[in-house]
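Participant: Output the structure for:
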Amino acid sequence: MALTVFILQLAVGVLTFPMYLLNFLGMWSWICKKWFPYFMRKFSVMYNEQMMSKKRELFSNLREFAGPSGKLSLLEVGCGTGTNFKFYPPGSKVTCVDPNPNFEKFLIDSVAKNRHLQFERFVVAMGEDMHPVADGSVDVVVCTLVLCSVESQERLLQEVCRVLRPGGAFYFLEHVAAERSTWNYFWQQVLNPAWFLLFDGCSLTRESWKALERAGFSKLKLQHLQAPLSLELVRPHVCGYAVK
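Facilitator: Model prediction:
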């Protein structure tokens, strides 16, 4: 089976050779950083439509983690275009972190459309190093479709624990690897190298629930599900929240 996967990966590599060549020449990353926000703007609309009920369910208890003032201090890691803003409680103070500065103009549009929120700032940083955000300074951290593409899930989760106040919560919604005995997992393996380049470091085969289980949260509520998405490759998901 491993040999079959390797041969098919080579075939896909031949078909996508120009992308690999640009990557070898050091040009692909710059191109990807430029076009990826435009892709995410369109993809996020479709994803929200298909995942609307699940997102509403996931974020339904955000208010429970508000601080003494009654206002929720929320940090979104890998904020992208701000597609989650509509699900946050009115009055929430929102700080956004993303390593791609090209998302900022789309984020500003989302802020303008979500006046129920108090937008604090946009920080250009990797989730693994959010040093501009102070220790224990937020009630909630949100991360959706991000653990698939970070360099180190462990370091990101360490940073999440650092910036959360005691008793704060980490909310996640992530596509993950399918069960290893399935055809879906087979094709995830075949397409993963090309997918990784095409979608700015996104991996189809990460078992992100394992990193969450190892992160040392005092409480972890995690659910595996098959998301109602058009593309079967990314239907396997995990979602839930963890309490520091």
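
Participant: show me where the protein has helices.
Facilitator: 2-15, 17-24, 28-58, 104-113, 153-163, 183-198, 208-214 (DSSP state H).

Participant: so can I have TSV of those helices showing distance to residue 174 and mean pLDDT?
Facilitator: Bear in mind the C-beta positions are built from the backbone N, C-alpha and C, glycine included. Formatted as TSV, these follow (distance: least, CB to CB, whole Å; pLDDT from 0 to 100):
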stretch	distance to residue 174	mean pLDDT
helix 2-15	23	87
helix 17-24	25	88
helix 28-58	11	91
helix 104-113	21	92
helix 153-163	10	97
helix 183-198	14	95
helix 208-214	5	97
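
Participant: among these, which is the most enclosed?
Facilitator: helix 153-163 (a mean of 20; mean count of other CB atoms under 10 Å).

Participant: quick one: that helix to chain centroid distance?
Facilitator: How far helix 153-163 lies from its chain's middle: 14 Å, per CA atoms, centre = their mean, to the nearest Å.

Participant: packing partners for that helix?
Facilitator: For helix 153-163, the packing partners by 3 or more CB pairs under 8 Å, 6 or more residues apart in numbering; DSSP states H and E come out as strand 73-77, strand 138-144, strand 164-175, helix 208-214.

Participant: let's see it at 10 Å
Facilitator: strand 73-77, strand 93-98, strand 138-144, strand 164-175, helix 208-214, strand 236-243 (3 or more CB pairs under 10 Å, 6 or more residues apart in numbering; DSSP states H and E).

Participant: Which one of those lies nearest to residue 154?
Facilitator: helix 208-214 (6.0 Å; CB to CB).

Participant: which secondary structure elements does the closest one contact?
Facilitator: Identification of packing neighbours for helix 208-214 by 3+ CB pairs under 10 Å, 6+ apart yields helix 153-163, strand 164-175, strand 219-226, strand 236-243.

Participant: and residue 38, which of the ones you listed is closest to it?
Facilitator: Nearest to residue 38, of those and by CB to CB, is strand 164-175 at 20.4 Å.

Participant: Output the closest one as PDB, restricted to C-alpha atoms.
Facilitator: In PDB, the C-alpha atoms belonging to strand 164-175 read as follows (Å, rounded to 0.1, in the frame of the first residue of the first chain):
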ATOM      1  CA  LEU A 164      -5.500  32.100  28.700                       C
ATOM      2  CA  ARG A 165      -6.500  33.200  32.200                       C
ATOM      3  CA  PRO A 166      -7.000  30.300  34.700                       C
ATOM      4  CA  GLY A 167     -10.400  28.800  33.900                       C
ATOM      5  CA  GLY A 168     -10.400  30.200  30.400                       C
ATOM      6  CA  ALA A 169     -11.300  28.100  27.400                       C
ATOM      7  CA  PHE A 170      -9.900  27.100  24.000                       C
ATOM      8  CA  TYR A 171     -12.400  26.400  21.300                       C
ATOM      9  CA  PHE A 172     -11.500  24.500  18.200                       C
ATOM     10  CA  LEU A 173     -13.000  23.200  14.900                       C
ATOM     11  CA  GLU A 174     -10.500  21.400  12.700                       C
ATOM     12  CA  HIS A 175     -10.400  19.000   9.700                       C
END
